[in-house]
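Undergrad: The sequence and its predicted three-dimensional model are supplied below.
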Amino acid sequence: MKETSIYIHIPFCDHKCIYCDFYSIINYENTFNYLTALKKEIEFFSKLYNDERKIISIFFGGGTPSLMEVEYINEIIISLKSNFNILPNAEITLETNPGTVEKSKLEKFLSIGINRLSVGIQSFDNNDLKFLTRIHDSKTAIQTILEAKEVGFENISLDLIFNLPNQTKEKWKRNLEIATSLPIKHISAYSLILERGTILNKMVLEGKVKIQDEEHDADLYETTIDFLSLNNFHQYEISNFAKETYECIHNNSYWHYKDYFGFGTSAHSFVNGKRWWNYSSTKFYIESINKKDNAIIGEETLTKEEMLNEYIMLAFRSSGLNIIELEKKFGNEWLNKNKSIIDYLISNNLIIKQNDKLIFTPKGYALCDEIISKFL
Ligand code: SF4
């Protein structure tokens, strides 16, 4: 039975944050039609891929899924359960923004089967939160985590962004201190990225905001790795850290090159070596589903070489390259070709060999993109 994951995109948001380039809208007119379309899309693909699969994880991302009524999310879960073979212990994550959920709503999310919360905190500093145009403040962020724990969520993750304008090392460390003092099991820490088309990018181009340099960014990143490792959060991907046994099953599906379905606007799927993606427009998505039961706007079938390159990149960025698995999937050509580079990286403490795996050291993680580009 093939292990497979499912991503559901809920595009609705309260407003548009200045740094965000995810597909999201602040118009709720179409929520009902969107739900109907989602259910149709789920049914269509479950019939199309009527092979032996077990669903190991479901991830509600967005957008802001926690803005939706609990019943709305529940209807999607019911639809998934009636169309796919969802494992009884499947990880079911809901992206949650502080300021959109009260304690009683968290309790209801737990009762419909959500067993993991990914909370978009971004910062515990009120000035940073204002700058990022988030709707919550630090107090609400902390309260959301504590209430989630109180109602019974064991598996809570939070997102943080570092290298914000004027963010000193001390200020960033304070964020990490607060995060690790809370009852959470997982942290995603991303460096601020300027995405084209965002309000922030425009502000930078107009000289209204100054972004800190790469050296500072690297310094904060190394601080993150050191601090979190001292606090028992082990790094299992370039930006992700977890307490033992709490790695995100869903993210690992992407990084370990497993199959996944993506339903909803802008969602991507990767099944049996084929990748496809949906319209990034709620209107077109709904129209397309109504017409032909799917909303695919692009697709590609990867060549063996493309698959090998992706496999190597994803493995190095996450828990390491398993040599035995690599040879089974792609033969030993790649290893023979890159032997001298690998030996060089090992002798310079950028990669270590552990059992059958080649794994980045913290020093290697910091140079990850540069090193991977040498291989590909
Ligand atoms: S809440 Fe999240 S998805 Fe919505 S605009 Fe802000 S960053 Fe983007």
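TA: Yes, it's here. Residues are numbered from 1 along each chain as shown.

Undergrad: Any idea how far the helix or strand encompassing residue 92 is from the middle of the chain?
TA: Taking DSSP states H and E as the criterion, residue 92 maps to strand 86-96. Here strand 86-96 shows a centroid-to-chain-centroid distance of 14 Å under the convention C-alpha atoms, centre = their mean, to the nearest Å.

Undergrad: The ligand contacts on this protein?
TA: 13, 16-17, 20, 22, 24, 62-64, 97, 120 (C-beta under 6 Å from any ligand atom). In short, each C-beta sits where N, CA and C put it, glycine included.

Undergrad: Name the member of those with the most neighbours.
TA: residue 97 (27 neighbours; other C-beta atoms under 10 Å).

Undergrad: show me what contacts that one?
TA: 14, 64, 66-67, 119-120, 134-136 (C-beta atoms under 8 Å, 6 or more residues apart in numbering).

Undergrad: May I see the ChimeraX selection of the buried members of those residues?
TA: Buried residues among those (16 or more other C-beta atoms under 10 Å), as a ChimeraX selection:
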select :64,66,67,119,120,134,136
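
Undergrad: Show me which pair in the contacts of residue 97 is furthest apart.
TA: With C-beta to C-beta as the measure, no two of the contacts of residue 97 lie farther apart than 14 and 119, at 15.2 Å.

Undergrad: Buried residues in stretch 203-221, which are they?
TA: Neighbour-count burial for stretch 203-221 [16+ other C-beta under 10 Å]: 203, 209, 211-212, 216, 219-221.

Undergrad: Sheet-wise, list the partners of the strand holding residue 92 with their directions.
TA: strand 53-62 (parallel), strand 116-122 (parallel) (DSSP bridges).

Undergrad: all helices of the stretch 201-350 of the chain, in order?
TA: 214-230, 249-255, 282-292, 304-317, 323-330, 333-337, 339-347 (DSSP state H, counting those that start in this stretch).

Undergrad: Show me which residues of the fifth one are buried.
TA: Of the residues in helix 323-330, those with enough neighbours to count as buried (16+ other C-beta under 10 Å) are 323, 326, 330.

Undergrad: CSV for those residues, including pLDDT?
TA: Putting these into CSV (pLDDT from 0 to 100) gives the following:
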residue, pLDDT
323, 93
326, 93
330, 91
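
Undergrad: need those in CSV with distance to residue 191, can you?
TA: Shown next, in CSV, are the buried residues of helix 323-330 (distance: C-beta to C-beta, whole Å):
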residue, distance to residue 191
323, 30
326, 29
330, 31
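
Undergrad: Relative to residue 283, which of these is nearest.
TA: Taking the buried residues of helix 323-330 together and measuring to residue 283 by C-beta to C-beta, the closest member is residue 330, at 41.7 Å.

Undergrad: residues contacting the closest one?
TA: So residue 330 contacts 304, 307-308, 311 (C-beta under 8 Å, 6+ apart).

Undergrad: One more: residue 159?
TA: 118-122, 187-190.

Undergrad: What of residue 208?
TA: Taking C-beta under 8 Å, 6+ apart as the definition, residue 208 has no contacts.
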